[in-house]
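*Asks:* have a look; sequence and predicted model below, questions after that.
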Amino acid sequence: MLNNFFSINVELVAGDGSVKYICKYTMKGADMAFIKIQAEGFEGNALRFDQFHQIRLARYITPMEAFLSIWGVPLVKKSHQVDELDLHGPEGHKVAFQEGEEEIIGERLLAQREAGEERLTQLTSYFAFNRELKEKGKPRLCLTYAKAYRRLRYDKIKKSWNFYVDQSVVRKKLCRMRTVSPTNKDLLVCFFCPILDNLFQAIRILLTTVEDPTCWDDLRTFNGQLYFNFIEAAKARGLLDDDNIWKETIAEAFGSQKRVRQRIRWLALFFGSANLSNPTALLDYVLGLKEDWLVGTRVAGKSFEARKEYVLNALEWFLRVNGVRPDELERDDDTYQSACEKIGLPRPTCRNIQPELLIQAEIDADTMLNNNVDPILLEKNQRKNKQRYYLDLYLSDPQPNDEQKAIIEEIKAGMQSARYVIDGESREFATNIPRFFFITGEGGSGKTFTYNKLIELLFASGFRVLPMASTGIAAELLHTGATVHKRLCRQRNVDASTYPNVEYQSMYAEVLRNIHGFIIDEVSMQHRDVLDFVDRLLRSIAPPNLQSTPFGGKVIF
């Protein structure tokens, strides 16, 4: 198949790797690029500058798709119009303003709040529409906010809801309520409740349940009783369960995962992502189970407090590996926040909770776990010597073909040349050995396989490499992979003016200085601003003799 460049792959759908690979190709979309069109010279006495026509977003398509498009064959058809319903709390709506008008808009909104006025949004306009119906004595629509589209349409200009003129439109229209990650607390601010994570879930559920609400108080009212916050109102309606559902979830998971290391890892995933309102009480429940599931560890059969401290110490490191990021600012008591404290658990007694370990969790998680976690809780490959483990992987079947081996050896030679300079064994790079490589090929031709074999060989040879990709699903397919944005950018938004705010003497800078190379899968899908930022970052923390070298002398492939 590979010799004939077929684009249809025969997949063995067994194991998560196969499923992720299929998902990658079905969900990643078309290849896109920004193209700049620039005319030479002047027109009269003025330079023509039309950004709208000069910079365009181009999409790469296959020759067959291009042929059909040229001949007017419809390639895409939209059966329904899908609208998105805005979602926010009483004081959590978005505010748009022009640069320089921050204070004016802030004073205006503050005056509105003090006067008891509420800003009109898609959601508050729905409240106003229902109030108007009620004041005019018209019959109720018996519609929740999530189902309002069945009878009503929203006018974005007038910011008001109205009945459809043509009811046939309803059959070709769908609506979905906006979702926001519970970790994005900027969108979860609300006056009524300090428990931000569960607040968002409660408001969303209430808006799918309460019919014809006229104000926020209607969402907090049930059977004539006004509850203090949205969470209590949702619980009163039976929409938010208490900890019993989580206890059943834990019991089911423990029933299928018998080994203690599997259970500890699962608990880290569970506590790190479930947004629990009382995680400490739930952890106490887990530790109080009749089954001594910590059998085989050094705390088996010991006191409750000893077992709790053991589990907290283990969870601390697994939570960091799973992406829980504590605050990096030093507190008044000269300590730093732990990952356990970040999600509401007690602070473990680990003495080496430092912000630098966040960097190690992102760059070399296996080494961090090996240094801080009881070996009985680690997987077999994490307990083995790292170089030996990856050498065994490289020597295992299937083996790369001759063309793939040639690519691997050429990149390894470039890595060796860079290592001599980065490690201080030489002052100049070899002029005849390249350090930048671009691998391309048809879908299914073995690029990801080649990357992983290359990573295995480099790790086995003692090179320090950071495997990355432009998208999360592509990064999942690489050994120790992560996205470029998460691993290097460390800011939510990166553009051409973003400054790499990394101190030269910091632990993060030291780690990056010692890296020999970076692999960036699907680099053509990565935005130019991100790559430029990575270049500026690596130059800024590089030794003086490498600061004028692209990417600080690192090998990029």
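*Replies:* Here it is on my side, so go on.
*Asks:* the residue lying closest to N401 once chain neighbours are set aside: neighbour count?
*Replies:* Nearest non-adjacent residue to N401, counting by C-beta to C-beta, 6 or more residues apart in numbering: G446, 7.8 Å away. The way it works is simple: take the backbone N, C-alpha and C, and place the C-beta from them, glycine included. For G446, the neighbour count with other C-beta atoms under 10 Å is 16.
*Asks:* any idea how far G446 is from I439?
*Replies:* 10 Å (C-beta to C-beta, to the nearest Å).
*Asks:* now swap in T249 and tell me
*Replies:* 43 Å.
*Asks:* got it, and M368?
*Replies:* Taking C-beta to C-beta, one finds M368 at 30 Å from I439.
*Asks:* higher neighbour count, these two?
*Replies:* M368 (19 against 16).
*Asks:* just the buried residues of the helix or strand the more buried one falls within, please?
*Replies:* Assigned by DSSP states H and E, M368 belongs to helix 365-372. Buried residues in helix 365-372, counted by 16 or more other C-beta atoms under 10 Å: 365-366, 368-370, 372.
*Asks:* next: stretch 394-404.
*Replies:* 394, 400, 404.
*Asks:* cool, stretch 135-146 as well?
*Replies:* 141, 143-146.
*Asks:* lowest-scoring secondary structure element of the chain by mean pLDDT?
*Replies:* Lowest by mean pLDDT, DSSP states H and E among the helices and strands of the chain is helix 51-54, with a mean of 62.
*Asks:* rewinding a little: could I get the buried residues of stretch 135-146 as CSV with distance to V465, pLDDT and secondary structure?
*Replies:* As requested, the buried residues of stretch 135-146 are exported to CSV (distance: C-beta to C-beta, whole Å; pLDDT from 0 to 100; DSSP: H, G, I helix; E, B strand; the rest coil):
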residue, distance to V465, pLDDT, secondary structure
L141, 60, 90, coil
L143, 56, 90, coil
T144, 52, 91, strand
Y145, 50, 91, helix
A146, 48, 88, helix
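*Asks:* state the distance from K77 to I519.
*Replies:* 39 Å.
*Asks:* I meant to write K342 there.
*Replies:* 30 Å.
*Asks:* which of those two has more neighbours?
*Replies:* Neighbours per residue (other C-beta under 10 Å) separate K342 from I519, with I519 holding more: 24 against 15.
*Asks:* how about the more buried one, nearest residue that isn't a chain neighbour?
*Replies:* In space, I519 is closest to P467, 4.7 Å off (C-beta to C-beta, 6+ apart).
*Asks:* next SSE downstream of the longest helix seen in the chain?
*Replies:* Longest helix in the chain, counting residues (DSSP state H): helix 402-422. Stepping forward along the backbone from helix 402-422, the first helix or strand reached (DSSP H and E) is helix 447-460.
*Asks:* next, the buried residues of that following helix.
*Replies:* 447-448, 450-460.
*Asks:* could I get the full set of strands for the stretch 201-350 of the chain?
*Replies:* For the stretch 201-350 of the chain, the strands defined by DSSP state E, counting those that start in this stretch occupy 221-222, 225-226.
*Asks:* ok, the stretch 51-200 of the chain next?
*Replies:* Going by DSSP E, counting those that start in this stretch, the stretch 51-200 of the chain shows strands at 55-60, 81-85, 152-155, 160-163, 173-177.
*Asks:* out of those, nearest to S548?
*Replies:* Evaluated over the strands of the stretch 51-200 of the chain, closeness to S548 peaks at strand 55-60, with 29.5 Å, by C-beta to C-beta.
*Asks:* show me what the mean pLDDT comes to for the closest one.
*Replies:* Across strand 55-60, pLDDT averages out at 67.
*Asks:* over to stretch 459-473?
*Replies:* For stretch 459-473, the per-residue pLDDT averages 87.
*Asks:* can you give me the buried ones in that stretch?
*Replies:* 459-461, 463-471, 473.
*Asks:* can you give the distance of it from its chain's centre?
*Replies:* 18 Å (C-alpha atoms, centre = their mean, to the nearest Å).
*Asks:* now stretch 516-536
*Replies:* Chain-centre distance of stretch 516-536: 18 Å, with C-alpha atoms, centre = their mean.
*Asks:* likewise stretch 492-501?
*Replies:* 18 Å.
*Asks:* how about the CA coordinates for that stretch, as CSV?
*Replies:* What follows is stretch 492-501, C-alpha atoms only, in CSV (Å, rounded to 0.1, in the frame of the first residue of the first chain):
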residue,chain,number,x,y,z
ARG,A,492,-2.8,31.8,26.7
ASN,A,493,-2.4,34.1,23.8
VAL,A,494,0.8,34.6,21.8
ASP,A,495,1.3,37.1,18.9
ALA,A,496,4.1,38.9,17.2
SER,A,497,4.5,41.3,20.2
THR,A,498,4.5,38.7,23.0
TYR,A,499,7.7,38.9,25.0
PRO,A,500,9.2,35.7,26.4
ASN,A,501,9.2,36.7,30.0
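*Asks:* quick one: residues in contact with it.
*Replies:* 485, 491, 529-530, 532-533, 536-537, 540-541 (C-beta atoms under 8 Å, 6 or more residues apart in numbering).
*Asks:* looks like P550 contacts V534 (just checking).
*Replies:* No. Counting by C-beta atoms under 8 Å, V534 is not a contact partner of P550; they are 10.5 Å apart.
*Asks:* so what's F271 up against?
*Replies:* Contacts of F271 (C-beta under 8 Å, 6+ apart): 279, 282-283, 315, 319, 343, 345.
*Asks:* which of the buried residues of helix 447-460 lies closest to Y504?
*Replies:* For these, the nearest to Y504 is L458 (26.6 Å; C-beta to C-beta).
*Asks:* next up, the contacts around the residue lying closest to that closest one once chain neighbours are set aside.
*Replies:* Of all residues not flanking L458 in the chain, V465 sits nearest, at 4.9 Å (C-beta to C-beta, 6+ apart). By C-beta under 8 Å, 6+ apart, the residues touching V465 are 415, 455, 458-459, 515-519.
*Asks:* so, low pLDDT: which residues of the stretch 351-500 of the chain?
*Replies:* 351-363, 380-384, 490 (pLDDT under 70).
*Asks:* apply 80 and report the result again.
*Replies:* The stretch 351-500 of the chain contains residues with pLDDT under 80 at 351-373, 375, 378-386, 442-444, 472, 486, 489-492.
*Asks:* ok, the stretch 201-350 of the chain next?
*Replies:* 201-202, 238-245, 255-258, 273-277, 290-292, 295-296, 322-336, 350.
*Asks:* and the pLDDT at E43?
*Replies:* 54.
*Asks:* before we move on, what about the one 5 residues further on?
*Replies:* Per-residue confidence for R48 comes out at a pLDDT of 59.
*Asks:* and for the residue lying closest to S426 once chain neighbours are set aside, the neighbour number?
*Replies:* Leaving aside its sequence neighbours, S426 sits nearest to Y420 (C-beta to C-beta, 6+ apart; 4.0 Å). Y420 has 15 neighbours, counted by other C-beta under 10 Å.
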